[in-house]
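Novice: show me the folded form of this:
(chains A and B)
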Amino acid sequence: MKTIIACCLSATLLFSLDVLQVKAQIVSKIAHAFVLKDIINIYISEQDDLAQVKGMDSSLLYTSYEEADIAFIDKKRSSTESKNERYIFSTSYYLYQNDPHVIGTFFWQKGRPTILIKSSILKEKGIVLPDEFTKYEE
Amino acid sequence: MQKMKLITGVIASLWVPQIMAQSMDTLLDTLAQKDDLSVYTKNEVAGYIKIFTREDLDRMKIRSFDELIDKIPFLRNRQDNLGLTDPNYKYFQPNNPATIRFFINDREILTPLFGSAFRMLGQLDMSYIDHVEVYHGFPSYEISMEPTGIIIKAYSKVGKRENIATLGSSIGNYGTTDTYGYISETRDDYSYFEYVNHRDLNRAKVENLGSELSRDKEATSLYSGLSNDTSLFEVQFVNGNLDNFAGNSWTMTPLNVTTNFKYFGSNYAYTSLDKSLKASFQYTYLTDEYYDTSLSPLGIVSSTTAPFYMPYYTQKQGFTEHLFDSQVTKRYIFGDTSVLVGLKNRYKKFNFDTNELNGISYLQDIPYNSEDVASLFTEVKHTIDDKHQLILSLSGQRYFEKDAIKEDNLWGTRLGYIYSEGDFTQKSFIFYGSLHPSPYVLLMNNQYSLGLNTLENEKISAISTQSLWKAGNSEYSLLVSHFTYKNQIIYDISGYHNLQDTLSFNTISFTDVYMFNNTDRIDFNAWILDASYDNNNFESGGYVALYAKFLGLDTYNSLSYVNGIDDIPAGWNYDATITYPYSKQLSIFLKGRNLLHKAFKSNYMSINPLTMQVSTLNHISNVDRTLWLGFEYSF
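Specialist: Okay, the predicted model is just below:
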């Protein structure tokens, strides 16, 4: 039993690490583009697949939604919570389109991973992102 | 668990610095490749697998399933006398449904009466497909409980990976047009994908003794998929009108030969979160009407006056077919051994609605109108250690037949051994199994022989091994196999028979995939097949395909080769696609098929059984030299 589990886990681990590390790096790049701090408080919904990247980047400190500088959510949260000052990214395009508080999204579109950022909120809040993010603004 | 966390941490710390410096574009490209949907659907231990990813198909701007055949070792892209895609076509010979099976998701696309529907859909639209897996060499019963040599498994696009509305259209020479659109979205707990296509495929015409032979195809397709983490409910509808090339004309001089068909397929598939339990329920409805009229006779029918037969020049046949499929598999784990148990029932119902010859109805009440197949299989995987794995599969089928058709029991077995260490993997399988004829062959055999001839099942034994290894930027594969084919069912002027000789085949296939970077690569394949039929037949083939991005363009170039057979020269098929992404929303593409006009050709033959006069039609190109210009707009 131990061998079979170890084999499955190591195969999954090697593959997953590959994918998860890439996802972790994308999350980290997004967080550092918005939040100009060395250590960033970040929240990712537990139910979201993206939550598997937790602990893979030492510059990101995983906290509650209330304490987060930037949050990655997959479902709409209550309006009270949404009014708090933090950057809200979604992993759902539907949420990005329908929740005015969501500033950007990291999701799959047309079979590819994609990032979109609302330029209207960037202007409103006076946020200037690194050049490599310009192409994702809309 | 502590140890696992430690390993994860160590590997993570090794990885992070490597990818820190990568741009966001590169990271997204890397994720697109490593997290492709095929990663979650492929079954590495099921057999020898070739994957066409979403990105591959996008770059090819693939128009139809038959384009993939050039890249499947040992197959040739050719069409039968009805203009339908049939890689194994030989004059007059029955289509064996077990040779190639065709799936969309977990739904087998087949016609209950004739078998695999790859022939029917081979040249039709496939823009709703995300990726395709091809399994060679008698794959696991987990994929197909009924045994088969090759499985083409296509997966539809899913809403959670699309999240967009798209409209695409293209035109091709000979007046071909193709238009499709889809909408897709992910809500909180589910996603949907709704797709529609209309294709008017016009092909080069063939002149024969004053008749114009056409392989045009027109079809409207709908596909709808609703899915969440555990379930997929899908519905597909295709309304097609096919021109059937030479039809059944004895001199291959048809005046008009067409098939109109309506295909409706539906499927509900459930997979538990831990993947240990899978269940699916499928219903397929198919109705088709074949109409043939020719300058020469299509056949003869008995008559009450001398000479007691008369030729007929028009033929109208209609069928209605139903398929009910239900399947459940469950995996159990006992120590280092996992046991997969599967049960399946497939009920096929078919009716002749029309049978008119020279305008006179000869419709008979045919008692043989259904077949029920019950299957049971088990697959035991034993992990000896982290390098060695043993696999034993056993399968049994009971064919419940009606009327005078003999009921049948089939069994098969598959023994596998997988060795893997670092970047090297060795897969080896031994297979033994039997193939059951299609209901159409059983019915025709029973009618021709007045119930006197019984066909034996075809029997296949195979031994094969594949080495896979990585070196530098290359991934190599070497596949060697030997198999024998006993009791092959053949058709001649006196009816259906089992071939007395046992055929044997030796095959070798070598593949190298060289990655230049995350997005660019070159694929190379070469194969040979040495067969013991037709005085030792030797076949060879292969391809080189380059997928590359440069100057802001997405490009695909592919040159494939198959050796000549009989008097047919070798086939060289060069396909190329250039895609220009004008903006995030709009892309424009130019695609060429068979640009050298040297793709493999086919010969066709027909015999007048009264005079034994032979008619031939030689060197007919299976792939037209075609240019497509199209766009895709997303919003």
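Novice: could you list the low-pLDDT ranges of chain A?
Specialist: Applying pLDDT under 70 to chain A flags residues A:1-17, A:76-84.
Novice: redo that, cut-off 80
Specialist: Scanning chain A for pLDDT under 80 picks out the ranges A:1-17, A:46-49, A:55, A:75-86.
Novice: nearest residue to the middle of it?
Specialist: A:Phe72 (4.3 Å; CA atoms, centre = their mean).
Novice: and B:Ser294, what does it touch?
Specialist: With contacts defined as CB atoms under 8 Å, 6 or more residues apart in numbering or on different chains, the neighbours of B:Ser294 are B:211, B:247-251, B:253-255, B:257, B:313-314. Using the backbone N, CA and C atoms, a C-beta is placed for each residue, glycine as well.
Novice: please apply the same query to B:Ser504.
Specialist: Taking CB under 8 Å, 6+ apart, one finds B:482-485, B:531-532 in contact with B:Ser504.
Novice: likewise for B:Glu407?
Specialist: B:398-401.
Novice: what of B:Asn267?
Specialist: B:Asn267 neighbours (CB under 8 Å, 6+ apart): B:105-107, B:232-234, B:280-283.
Novice: partner strands of the helix or strand encompassing it and their direction?
Specialist: Here B:Asn267, judged by DSSP states H and E, is contained in strand B:254-271. Sheet pairing of strand B:254-271 (DSSP bridges) gives strand B:231-243 (antiparallel), strand B:277-294 (antiparallel).
Novice: quick one: buried residues of it?
Specialist: B:254, B:257-259, B:261, B:263-269, B:271 (16 or more other CB atoms under 10 Å in any protein chain shown).
Novice: what separates it from the chain centre, distance-wise?
Specialist: The chain centre lies 15 Å from the centre of strand B:254-271; the measure is CA atoms, centre = their mean, to the nearest Å.
Novice: do stretch A:120-135 as well
Specialist: Distance, centroid of stretch A:120-135 to centroid of chain: 17 Å (CA atoms, centre = their mean).
Novice: burial of the nearest residue in space to B:Thr293 that is not next to it in sequence, as a residue count?
Specialist: What sits nearest to B:Thr293 in space, not counting adjacent residues and going by CB to CB, 6 or more residues apart in numbering or on different chains, is B:Thr314, at 4.3 Å. As a burial measure, B:Thr314 scores 16 neighbours (other CB atoms under 10 Å in any protein chain shown).
Novice: B:Tyr633 versus B:Thr314, what's the distance?
Specialist: Distance, B:Thr314 to B:Tyr633, using CB to CB, to the nearest Å: 46 Å.
Novice: what about B:Val39, how many neighbours?
Specialist: Using other CB under 10 Å: B:Val39 sits among 15 other residues.
Novice: residues contacting B:Ser326?
Specialist: B:279-282, B:344-345.
Novice: export the residues you listed to JSON lines and tack on neighbour count and pLDDT?
Specialist: What follows is the contacts of B:Ser326, written out as JSON lines (neighbours: other CB atoms under 10 Å in any protein chain shown; pLDDT from 0 to 100):
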{"residue": "B:Ala279", "neighbour count": "17", "pLDDT": "96"}
{"residue": "B:Ser280", "neighbour count": "19", "pLDDT": "95"}
{"residue": "B:Phe281", "neighbour count": "15", "pLDDT": "96"}
{"residue": "B:Gln282", "neighbour count": "20", "pLDDT": "96"}
{"residue": "B:Lys344", "neighbour count": "21", "pLDDT": "94"}
{"residue": "B:Asn345", "neighbour count": "16", "pLDDT": "95"}
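Novice: between the residues you listed, which is nearest B:His382?
Specialist: B:Lys344 (24.1 Å; CB to CB).
Novice: distance of the closest one from B:Gln397?
Specialist: From B:Lys344 across to B:Gln397, the span is 9 Å (CB to CB).
Novice: what touches both of the two?
Specialist: With CB under 8 Å, 6+ apart as the test, B:Lys344 and B:Gln397 both reach B:145, B:373-376.
Novice: of these, which belong to strands?
Specialist: If you go by DSSP state E, the shared contacts of B:Lys344 and B:Gln397 have B:373-376 in strands.
Novice: which of the residues you listed count as buried?
Specialist: So, by 16+ other CB under 10 Å, the buried ones in those are B:373, B:375-376.
Novice: between these, which is closest to chain A?
Specialist: Set against chain A, the nearest of those by CB to the nearest CB is B:Leu376 (24.4 Å).
Novice: surely the closest one touches B:Thr329?
Specialist: No: look at B:Leu376 against B:Thr329 with CB atoms under 8 Å: they stay out of range, at 10.9 Å.
Novice: can you show me the helices along chain A?
Specialist: With helices called from DSSP state H, chain A shows them at A:2-34, A:79-82, A:93-98, A:119-125.
Novice: any idea how far B:Asn248 is from the residue nearest to B:Tyr309 when sequence neighbours are not counted?
Specialist: Sequence neighbours aside, B:Ile300 is the residue nearest to B:Tyr309 in space, at 4.6 Å (criterion: CB to CB, 6+ apart). Separation of B:Ile300 from B:Asn248 (CB to CB): 12 Å.
Novice: what does B:Glu458 give?
Specialist: Counting by CB to CB - B:Glu458 and B:Asn248 are separated by 25 Å.
Novice: what do you get for B:Phe631?
Specialist: Taken as CB to CB, the span from B:Phe631 to B:Asn248 is 41 Å.
Novice: and these two? which has more neighbours close in?
Specialist: Neighbours were counted for B:Phe631 and for B:Asn248 using other CB under 10 Å; B:Asn248 has more, 19 against 15.
Novice: quick one, what contacts the more buried one?
Specialist: B:81, B:257, B:292, B:294, B:298-299, B:315.
Novice: make a ChimeraX selection of the buried ones in those residues.
Specialist: In ChimeraX, a selection of the buried entries from the contacts of B:Asn248 looks like this (16+ other CB under 10 Å):
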select /B:81,257,292,294,298,315
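Novice: mind putting the contacts of B:Asn248 into TSV with distance to A:Phe133 and pLDDT?
Specialist: Formatted as TSV, those follow (distance: CB to CB, whole Å; pLDDT from 0 to 100):
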residue	distance to A:Phe133	pLDDT
B:Asn81	59	91
B:Val257	60	95
B:Asp292	63	95
B:Ser294	67	91
B:Leu298	68	90
B:Gly299	70	87
B:Gln315	66	94
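Novice: and for residue 106, the neighbour number?
Specialist: Going with chain A. A:Phe106: 24 surrounding residues under other CB under 10 Å.
Novice: my question was about chain B
Specialist: The number of residues packed near B:Asp106 is 21, by other CB under 10 Å.
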